[in-house]
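J.: just need the structure, nothing else, for what follows:
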Amino acid sequence: GFVRGKNTLIRTNPTVPSVYWIWKSADWQERECLTAKPDRPKAIRDDGLGEPSRMALTPSYKAHREILPDLVRAVALMGIAVVNSMVFAYPLEAGPYGEPSEGALNAASAGGVFWLAAGKFYALFSLMFGASVFYQHTAAERAQADFNRRQTRRLIGLGVLGLIHYVFFFLGDILVTYAVLGALLLTMLGKSQTSLIRWGLILIAIQVLILLALAGMFAGLEAVKPGFLGTKMLKSVEETLLVMGSGNFLEQAAFRALSYSEVLPGVLMSQGIATFGYFCIGLAFARSGWIANPAAQIWSRVRLVFLPLGLLVGGVGAWLVMEAESGYGGMALFGMAILFLAAPGQALGYAGLLAALAQKPGAIVRFISKAGQASLSAYLLQSVIMTVVFSGWGLGLYGKLPAALVIAIGAATALVSILFAATWMSRFKRGPVEIAFRAWTYG
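T.: Next up, the predicted model:
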């Protein structure tokens, strides 16, 4: 329900007491009113703090768009590109094991990606997808539009775009997963903030337990039938190397399409549950106003407490993954489970660091954050670039480069995509893909 209050105001200086101390989430609405509607009565905090601080706006931001959500999305995309580079360059079953990781530089590069990036930036991006559902719902209410219709069209469009992306460009597509889980997230809109965070953490814990169970199962198979998994996976690796390394565009598309019935269930099983957990946490953070407020106290807590713990646990997971002989054995899966356990602390810690930057953003931070407004365009551009670089019909580098060089290509791709998206958003209101996607969603 709604709470409505009445106040008697002095015409020459209309002010009302802040309700922040009763409802913490009112912080965002009070600051929004102060920034976007300066002619309205101002909320005064009666502890001597004065007016609520104005929102972190810059002249380059239309309306009253906050900088932190866009900054988180942009940085998450950069990390995702670095991680995805290894999926573009090597078969999923093989990863950067064996020859690609020989030598100290290659081993350190691959281990560093597992420790600092794998699962963390994907978690950040998933948090922001959950937050986006809150913003979409708020926008629909403000416009008195049908939210369910808008969101249904949005998710259908995302799913179709994801299928095209998967078949023609990238086995590791996340858009279809987001579309499927996004539909489930609609059932969580009525949950309280506390309930959403609790559900999110429970789901992430379940994901870790599933990975631990799979690690135990694979380790048992290896003990009972030595070489069984290796022989089975080697055949798959050889087939993938042949098609992706020398096949033409249509042959590779057919190969991906035929494998989809196996890949999607695997993705949902290995990371889908945790992804939905991050959706719930992102929805809660947006509802609380924390994502819109880089000065919120929670950000200092996560970067000072959660981040060090996440880095410590993640380091153990990365060591286990790199000590494994392949990406499909029990040790590798056990290491991945530990990485998933560390991911919430690291991801939220990274968001806390970005929140610190967003409080007083410089020119570079403001420029990078613009790319977050065209995140879909940037994500798809990354796939186009790396497909051309690694595929047999492109530069033909699939399975041929050491890990350090592959990761460097991923970093360069991240930089190019962010520069393109940020430059585009400096001149246009929406990203190139976002223009078409918005027309479909609101059509």
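J.: how about the residue nearest the centre of the chain: what's its closest non-neighbour residue?
T.: By CA atoms, centre = their mean, the chain has its centre lying nearest to residue 125, at 1.4 Å. Closest residue to residue 125 apart from its sequence neighbours, by CB to CB, 6 or more residues apart in numbering: residue 76 at 4.1 Å. Backbone N, C-alpha and C define where each C-beta goes, glycine included.
J.: again, but for residue 285
T.: Nearest in space to residue 285, with sequence neighbours left out and distances taken as CB to CB, 6+ apart, is residue 291 at 4.9 Å.
J.: show me what contacts the one you found?
T.: If you count contacts by CB atoms under 8 Å, 6 or more residues apart in numbering, residue 291 has them with 66, 68-69, 72, 128, 131, 282, 285.
J.: determine which two of those are furthest apart.
T.: 66 and 282 (14.4 Å; CB to CB).
J.: about what we covered before: list the buried ones in whichever strand or helix holds the residue nearest to the centre of the chain?
T.: For residue 125, the enclosing helix or strand under DSSP states H and E is helix 120-142. When burial is assessed from 16 or more other CB atoms under 10 Å, helix 120-142 yields the following buried residues: 120-134, 137, 140.
J.: do stretch 392-406 as well
T.: Buried residues in stretch 392-406 (16+ other CB under 10 Å): 392, 397-406.
J.: of all these, which two lie farthest apart?
T.: Of all pairs drawn from these, the greatest distance, 22.4 Å, lies between 392 and 404 (CB to CB).
J.: where exactly do the strands run in the chain?
T.: Here the chain has its strands, by DSSP state E, at 15-17, 42-44.
J.: which one of these has the lowest average pLDDT?
T.: Ranked on mean pLDDT, the bottom entry among those is strand 42-44, at a mean of 53.
J.: quick one: average pLDDT of stretch 424-442?
T.: Stretch 424-442 comes out at a mean pLDDT of 93.
J.: same deal with stretch 147-162?
T.: Mean predicted confidence for stretch 147-162 is 94.
J.: what residues does that stretch touch?
T.: Contacts with stretch 147-162, where a contact means CB under 8 Å, 6+ apart, come from 133, 136-137, 140-141, 173-180, 182-183, 186, 437, 440-443.
J.: out of those, which are buried?
T.: Applying 16+ other CB under 10 Å to those, the neighbour count classes 133, 137, 140, 173-180, 182, 437, 441 as buried.
J.: need the helix or strand of this structure with the lowest average pLDDT.
T.: strand 42-44 (a mean of 53; mean pLDDT, DSSP states H and E).
J.: could you check the longest helix anywhere in the chain and say which residues are buried?
T.: Scanning the chain for the longest helix, with DSSP state H as the assignment, gives helix 193-224. Residues of helix 193-224 classed as buried under the neighbour-count rule (16+ other CB under 10 Å) are 193, 196-197, 199-200, 203-205, 207-208, 210-212, 214-215, 218-219, 222.
J.: check stretch 404-417 too.
T.: Buried residues in stretch 404-417 (16+ other CB under 10 Å): 404-407, 409-414, 417.
J.: let me have those residues in CSV, extended by pLDDT and distance to residue 273.
T.: As requested, the buried residues of stretch 404-417 are arranged in CSV below (pLDDT from 0 to 100; distance: CB to CB, whole Å):
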residue, pLDDT, distance to residue 273
404, 94, 33
405, 95, 34
406, 95, 29
407, 95, 28
409, 97, 31
410, 96, 26
411, 97, 30
412, 97, 33
413, 98, 29
414, 97, 27
417, 97, 29
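J.: helices of the stretch 251-400 of the chain, start to end?
T.: With helices called from DSSP state H, counting those that start in this stretch, the stretch 251-400 of the chain shows them at 273-288, 297-301, 307-323, 330-359, 363-371, 375-390.
J.: buried deepest among those, which one?
T.: Burial of these is given as mean neighbour count (mean count of other CB atoms under 10 Å); helix 273-288 ranks first at a mean of 25.
J.: report the contact partners of the closest residue to residue 247 other than its chain neighbours.
T.: Leaving aside its chain neighbours, residue 247 sits nearest to residue 392 (5.3 Å; criterion: CB to CB, 6+ apart). Counting by CB under 8 Å, 6+ apart, residue 392 touches 243-248, 252, 398.
J.: could you redo the last one with a cut-off of 10 Å?
T.: 241-249, 251-252, 398-399 (CB atoms under 10 Å, 6 or more residues apart in numbering).
J.: ok, residue 263 next?
T.: With CB under 10 Å, 6+ apart, residue 263 has these contacts: 92, 166, 171-173, 176, 256.
J.: repeat for residue 175
T.: Contacts for residue 175 (CB under 10 Å, 6+ apart) come out as 157-166, 182, 376, 379-380.
J.: wait, residue 336 touches residue 274, no?
T.: No. Between residue 336 and residue 274 there is no contact under CB atoms under 10 Å: 11.2 Å.
J.: contacting residues around residue 404?
T.: Neighbouring residues of residue 404 by CB under 10 Å, 6+ apart: 96, 100-101, 103-110, 112.
J.: and the buried ones among those residues, selectable in PyMOL?
T.: Here is the PyMOL command that picks out the buried ones among the contacts of residue 404, judged by 16+ other CB under 10 Å:
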select buried, resi 96+100+101+106+107+109+110+112
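J.: can you redo the contacts of residue 404 as CSV with distance to residue 304 and pLDDT?
T.: Converted to CSV, the contacts of residue 404 look like this (distance: CB to CB, whole Å; pLDDT from 0 to 100):
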residue, distance to residue 304, pLDDT
96, 32, 64
100, 36, 72
101, 33, 77
103, 36, 84
104, 32, 88
105, 32, 92
106, 33, 90
107, 31, 89
108, 27, 92
109, 28, 93
110, 29, 91
112, 23, 94
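J.: okay, the contacts of residue 404 in CSV with distance to residue 357 next?
T.: Formatted as CSV, the contacts of residue 404 follow (distance: CB to CB, whole Å):
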residue, distance to residue 357
96, 31
100, 34
101, 33
103, 35
104, 32
105, 30
106, 31
107, 31
108, 27
109, 26
110, 28
112, 22
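J.: thinking again about what came up before, need the residues touching each of residue 336 and residue 274.
T.: In contact with both residue 336 and residue 274: 119, 208, 211, using CB under 10 Å, 6+ apart.
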